[in-house]
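> Return atomic coordinates for the entry below.
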Amino acid sequence: MKKKNKKVNAAILIIGNEILSGRTQDKNIAFISNWLNSNCGINVEEVRIIPDVEKKIVENTKTLSKKFSYVFTTGGIGPTHDDITAQSIAKAFKTKYGFHPEAYKILENYYGKKKFNDGRKKMAKMPIKAKLIYNPSSAAPGFMIKNVLSLPGVPSILNSMIENCKRYLVKGLKVHSKTLNIFTVESNISQKLGMIQKKFKKSVDIGSYPFFRLGKIGVSIVLRSTSKSKIKKVYLEIFNFIRLKKIKILKI
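You can find the predicted model right below:
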């Protein structure tokens, strides 16, 4: 992994008609987001889901690559006719698309020359100057060009490949979190939380999320920051406010 940088962010671009139709449920967003924050200190700030349409892939790749430190794409790099992610990304960056020599060799060795058919050869086609993301599960590599990392959509394969992305990433500061669960309604604490958020807006993000548990309505107050000490300071301020209001705290 490259040298640590203070502010490093990312976007995830999910590509696939099967996701939009509801036929397939996405499992990659949470996995990638958690892995990036826990292992690399990179915060995912935007997620988009788009169809297997070249124009959409090109437009979104160009937009997100300018806006974020990294873009992770999933889906559309397999052997079928609708797997058009690689050629679309090549078009987005106006770079040559074709057989990547190393990827071709990896796949030919994996399948053997007799079984290395046209569909399998297609998985070796990508921006030819791309860096490879090696695949320990099924050989077909992902790739990185500029700040875009393209991975397969199958969760088990993506999960096995993710560690091989690390070498290409600049590490950022890990975002820590702390949660306080209380039995109340959001409107009962919203004004005070807003005041505390305004006070610490540059250092700590405060989120409130309602839940229903044990037959009661409650709120999870979640604090997120790159500084553990600042989280602790905000947590104590909210905790004291909750106690003064005599709101029951749920211990988990």
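
> Could you list the residues in contact with the helix or strand in which M161 is found?
M161 belongs to helix 155-161 when assigned by DSSP states H and E. Applying Cβ atoms under 8 Å, 6 or more residues apart in numbering, the external contacts of helix 155-161 come out as 27-28, 31-32, 74, 133-138, 142, 151-152. For glycine as for every other residue, the C-beta is placed from the backbone atoms N, C-alpha and C.

> Mind putting those into TSV with neighbour count, secondary structure and distance to K67?
Compiled in TSV, the contacts of helix 155-161 are given as follows (neighbours: other Cβ atoms under 10 Å; DSSP: H, G, I helix; E, B strand; the rest coil; distance: Cβ to Cβ, whole Å):
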residue	neighbour count	secondary structure	distance to K67
K27	15	coil	25
N28	22	helix	20
F31	15	helix	22
I32	24	helix	17
T74	28	strand	18
I133	21	strand	22
Y134	17	strand	28
N135	22	strand	28
P136	10	coil	31
S137	13	coil	31
S138	16	coil	32
G142	28	strand	21
L151	27	strand	19
P152	27	coil	24
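
> Farthest pair within those residues?
The span of those, defined through Cβ to Cβ, is set by K27 and Y134 at 21.4 Å.

> my guess is I182 contacts I242, does it?
Yes - I182 lies in contact with I242 (Cβ atoms under 8 Å); the separation is 5.8 Å.

> Please enumerate the shared neighbours of these two.
Both I182 and I242 are in contact with I189, I249, where contact means Cβ under 8 Å, 6+ apart.

> For the longest helix along the chain, C-alpha coordinates in PDB please.
Secondary structure assigned by DSSP state H gives helix 228-244 as the longest helix of the chain. Taking C-alpha atoms only, helix 228-244 is exported to PDB below (Å, rounded to 0.1, in the frame of the first residue of the first chain):
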ATOM      1  CA  LYS A 228     -11.200   8.700  18.800                       C
ATOM      2  CA  SER A 229     -10.700  11.500  21.400                       C
ATOM      3  CA  LYS A 230     -13.200  13.800  19.700                       C
ATOM      4  CA  ILE A 231     -15.800  10.900  19.500                       C
ATOM      5  CA  LYS A 232     -15.300  10.400  23.200                       C
ATOM      6  CA  LYS A 233     -15.800  14.100  23.900                       C
ATOM      7  CA  VAL A 234     -19.100  14.300  21.800                       C
ATOM      8  CA  TYR A 235     -20.300  11.000  23.300                       C
ATOM      9  CA  LEU A 236     -20.000  12.300  26.800                       C
ATOM     10  CA  GLU A 237     -21.800  15.500  26.000                       C
ATOM     11  CA  ILE A 238     -24.700  13.500  24.400                       C
ATOM     12  CA  PHE A 239     -24.700  10.900  27.200                       C
ATOM     13  CA  ASN A 240     -25.000  13.600  29.900                       C
ATOM     14  CA  PHE A 241     -27.800  15.300  28.000                       C
ATOM     15  CA  ILE A 242     -29.600  11.900  27.700                       C
ATOM     16  CA  ARG A 243     -29.300  11.300  31.500                       C
ATOM     17  CA  LEU A 244     -30.600  14.800  32.300                       C
END
